[in-house]
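>>> please work out how this folds:
(chains A and B)
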Amino acid sequence: MINKYLASIRMGFKDMIVYRFHLYMSLITAPLSLLIYYYLWKSIYSYAGQAIINGFTFNALITYYAINTIIGWFVYSEVDAWFEQNIINGELIADLLIPVNLFSHYFLVHRGYSIFGLMVETIPFLFIAKLVFNIPIPGFWILMAFILALFFAVVLEFMISYIVGLTAFWLKRITGIRKARRTIVLFLAGGMLPLSFFPQWFQDISFFLPFKYIRDAVVNIWLGNYEIIGMLQIYLLQILWIGVLGYIIYLMWKRASKRFSGAGT
Amino acid sequence: MELSSELAYKWNFIIKSIALIISCIITPIVTLLIYNNTSGIPGWSLEEFILLQGTFIFVLGIARLFMFDFPSKIISNVRRGEFDKFLLKPYSPLLYLTFSSIQIEGIAELTTGLCLIVWSFVKLNLDIWSFGFLFYLMFIALGILFLYSFIILISSLSFLIVNSYALFDLFFKLTDLSRYPASIYGLTVRFFVTFLLPLAILGYYPAEAMLRGANLGLILQISIPVILFFFITLFLWNRAMRKYSSAGG
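Down below sits the predicted model:
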């Protein structure tokens, strides 16, 4: 029973072994990005003459970018590209015959990626970040709270990308929406700049949108910026959005599969 | 030909262009947010910094439009063993590939970059009938030459390395160094982006020349590494070509 799920994870893991060169490369590119942010913000902080800007000390901001990189590796999802390819090539049928349902299968293959990435990217990168940039590692309980929020974030981003993938049933080629999804979600989630740098009205809106709970809120848990109540609120909103997106996927899938089998006969 | 295959999926093309414009606009929005919350980067006002970023996006747009398709074309052809068809053409494979590769998405970046440049020119009241502007154009041309050399380098390496797509990632990450004024970096990195791998030519030096003028010493100091880099990559390309044809025989 559990074996067939493990098979999906193993499949993703093996995929990554093939692409491992890309992952090794990110051990050069990720610290390089962090180095650029380090210089950029060092000059900005010293020019501003403030120790704290929008609630961030210099060190906290660099940590923000470092943890963001790690979250980026975990939430990474290419399920939308799979839908596009499989629908155009007609190979979706093969994936539908797998004894695991399609959503779980695709999700678990991605978790195979995550497990491989954890060993090859995340842990070495954390070491570099700790040694070179003095990134603080939180205590056990905060770390656990972070991992839980990260898990929900992974599901959220996966669902958004799954919805984008499903549009391929109607639009066929979706390279454009896929690219837009990546940049827009990254930006709205606070992947380029913490949301506290955004105007107040924007922060108010983000509270009700799913994006904040993919990156900004999760990093702030790592930084210890939330009390218990604040964390519970984040989990609640994450679960709420998982429910909403799940329902959207359910509705879209119902229509799409009707359309797909209709084309098959 | 590539344009027509893009247009076969009309909606995808339209959405893709919008997506690219959005991702281009996000960069200046982030800049604006930074400048709204802090005093900005030392020595660079918002308008000046936007000029730097606009120039960078513009140069990258030109490169994407005319060059970025070129390495992937080589990689896929080498993998399928079809590269030999380029060697049979009556002109040099480098020139043929250069002029036959177009990625139409580049137009979005090019336009965004141009808008940012024009905006900052108007805001800063810059004079285009000046030596500064002449040097600005010259540095942009050098920047394009530099990106072209880089493309040749990646393409040459793709004959030797199987995982050459990973080099693309590294290349894009390296160009991130040119998004900000070279003056913010420490001495080592600054030396690196000026002389060893002249990435600063993509935004910092053109903007610097436009805003604060340039003298002959500076021009020489900047153009020599770029031109040298071009000849080195050309040499590597020729080596790679020789190696490839001998492997085929």
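
>>> where's A:Ser257 relative to chain B, distance?
The gap separating A:Ser257 from chain B is 22 Å, by Cβ to the nearest Cβ, to the nearest Å. Placement of C-beta: from N, CA and C, glycine included.

>>> assumed that residue was part of a helix.
Yes - using DSSP: H, G, I helix; E, B strand; the rest coil, the secondary structure at A:Ser257 is a helix.

>>> what is the neighbour count of it?
Counted with other Cβ atoms under 10 Å in any protein chain shown, the neighbours of A:Ser257 add up to 15.

>>> do B:Ser120 as well
For B:Ser120, the tally of surrounding residues (other Cβ under 10 Å) stands at 24.

>>> I'd like to know how far it sits from B:Pro28.
As for B:Ser120, its distance to B:Pro28 is 10 Å (criterion: Cβ to Cβ, to the nearest Å).

>>> list the residues that contact both of these two?
Listed contacts common to B:Ser120 and B:Pro28 are B:50, B:54; contacts here mean Cβ atoms under 8 Å, 6 or more residues apart in numbering or on different chains.

>>> leaving out chain neighbours, which residue sits closest to B:Tyr148?
Counting by Cβ to Cβ, 6 or more residues apart in numbering or on different chains, B:Met67 is the residue found nearest to B:Tyr148 once chain neighbours are left out, at 6.0 Å.

>>> quick one, grab the pLDDT at that neighbour.
B:Met67 is assigned a pLDDT of 83 by the prediction.

>>> now do the strands in chain A.
When secondary structure is read from DSSP state E, chain A shows strands at A:52-53, A:56-57.

>>> now render those strands as JSON lines, adding mean pLDDT.
Rendered in JSON lines, the data for the strands of chain A read as follows (pLDDT from 0 to 100):
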{"stretch": "strand A:52-53", "mean pLDDT": "92"}
{"stretch": "strand A:56-57", "mean pLDDT": "94"}
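
>>> that older thread, quick one: the residue nearest to B:Tyr148 and B:Tyr96, what's the gap?
If you go by Cβ to Cβ, the gap between B:Met67 and B:Tyr96 works out to 14 Å.

>>> and those two? Which one has more around it.
Higher neighbour count among B:Met67 and B:Tyr96: B:Met67, with 22 against 14, using other Cβ under 10 Å.

>>> spell out for me which residue occupies the centre of the chain.
I went with chain A, as the question did not name one. Nearest residue to the geometric centre of chain A (Cα atoms, centre = their mean): A:Val75, 2.3 Å.

>>> nope, chain B please
For chain B, by Cα atoms, centre = their mean, the most central residue is B:Leu60; offset 3.9 Å.

>>> what stretches of chain B score poorly on pLDDT?
B:1-9, B:162-163, B:245-249 (pLDDT under 70).

>>> enumerate the residues of it near chain A.
Counting by Cβ under 8 Å from any Cβ of the partner chain, the residues of chain B close to chain A are B:9, B:11-20, B:22-23, B:26, B:29-30, B:33-34, B:36-42, B:163, B:165-166, B:169-170, B:173-174, B:176-177, B:179-180, B:184-186, B:189.

>>> can you flag the buried ones in those residues?
When the residues of chain B next to chain A are checked for burial by 16 or more other Cβ atoms under 10 Å in any protein chain shown, the buried set is B:9, B:12-13, B:15-17, B:19-20, B:22-23, B:26, B:33-34, B:37-38, B:40-41, B:165-166, B:173-174, B:176-177, B:179-180, B:184-185, B:189.

>>> where in chain A is pLDDT low?
Within chain A, the segments meeting pLDDT under 70 span A:1, A:261-265.

>>> residues of it that sit close to chain B?
Along chain A, the residues adjacent to chain B under the rule Cβ under 8 Å from any Cβ are A:21-22, A:25-26, A:28-29, A:32-33, A:35-36, A:39-40, A:42-50, A:53-54, A:171-177, A:179-180, A:183-184, A:187, A:192-193, A:197-198.

>>> could you pick out the buried ones from these?
Neighbour counting with 16+ other Cβ under 10 Å marks A:22, A:25-26, A:29, A:32-33, A:35-36, A:39-40, A:42-45, A:47-48, A:53, A:171, A:173-177, A:179-180, A:183-184, A:187, A:192-193, A:197-198 as buried within the residues of chain A next to chain B.

>>> how many residues are close by A:Ala256?
Using other Cβ under 10 Å, the number of residues around A:Ala256 comes to 20.

>>> that one touches A:Phe169, doesn't it?
Yes - in this structure A:Ala256 lies within contact range of A:Phe169 using Cβ atoms under 8 Å: 4.0 Å.

>>> show me the contacts for residue 30.
Assuming you mean chain A. A:Ala30 makes contacts with A:69, A:121, A:125, as judged by Cβ under 8 Å, 6+ apart.

>>> the intended chain is chain B.
With contact set as Cβ under 8 Å, 6+ apart, B:Val30 has these partners: A:187, A:192-193.

>>> which of the residues you listed fall within helices?
Mapping the contacts of B:Val30 onto helices (DSSP state H) picks out A:Phe187.

>>> mind giving me TSV with the contacts of B:Val30 and columns for distance to B:Ile140?
Putting the contacts of B:Val30 into TSV (distance: Cβ to Cβ, whole Å) gives the following:
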residue	distance to B:Ile140
A:Phe187	28
A:Met192	26
A:Leu193	28
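
>>> quick one on the thing from earlier: the residue nearest to the centre of chain B is in what secondary structure piece?
Of the helices and strands defined by DSSP states H and E, B:Leu60 is found in helix B:46-66.

>>> tell me the helix or strand right after that helix.
Using DSSP H and E, the helix or strand that follows helix B:46-66 towards the C-terminus is helix B:69-79.

>>> that next one: which residues count as buried?
By 16+ other Cβ under 10 Å, the buried positions in helix B:69-79 come out as B:69-75, B:77-78.

>>> what's the distance between it and the middle of its chain?
Centre-to-centre, helix B:69-79 and its host chain are 19 Å apart (Cα atoms, centre = their mean, to the nearest Å).

>>> which elements pack onto the next helix or strand after it?
Read in the C-terminal direction, the helix or strand following helix B:69-79 is helix B:84-87, with elements assigned using DSSP H and E. Contacting helix B:84-87 under the criterion 3 or more Cβ pairs under 8 Å, 6 or more residues apart in numbering or on different chains; DSSP states H and E are the following elements: helix B:93-100.

>>> any idea how far the helix or strand following the helix it packs on is from the middle of the chain?
Stepping forward along the backbone from helix B:93-100, the first helix or strand reached (DSSP H and E) is helix B:106-124. With Cα atoms, centre = their mean as the basis, the distance from the averaged C-alpha position of helix B:106-124 to the chain average is 16 Å.

>>> quick check: A:Ile160 vs A:Pro210, distance?
For A:Ile160, the distance to A:Pro210 under the criterion Cβ to Cβ works out to 7 Å.

>>> between those two, what contacts are shared?
Contact criterion Cβ under 8 Å, 6+ apart; residues shared by A:Ile160 and A:Pro210: A:Leu245.

>>> of all the contacts of A:Ala30, which comes closest to chain B?
Minimum separation from chain B among the contacts of A:Ala30 (Cβ to the nearest Cβ) is found for A:Thr69, which lies at 11.6 Å.

>>> tell me how far the nearest residue to that closest one once chain neighbours are set aside lies from A:Val132.
Nearest residue to A:Thr69, sequence neighbours excluded (Cβ to Cβ, 6+ apart): A:Ala30, at 5.1 Å. Counting by Cβ to Cβ, the gap between A:Ala30 and A:Val132 amounts to 12 Å.

>>> could you do A:Leu223 as well?
19 Å.

>>> compare the two (neighbour count), which wins?
Remark: of A:Leu223 and A:Val132, A:Leu223 carries more neighbours, 21 against 12, as counted by other Cβ under 10 Å.
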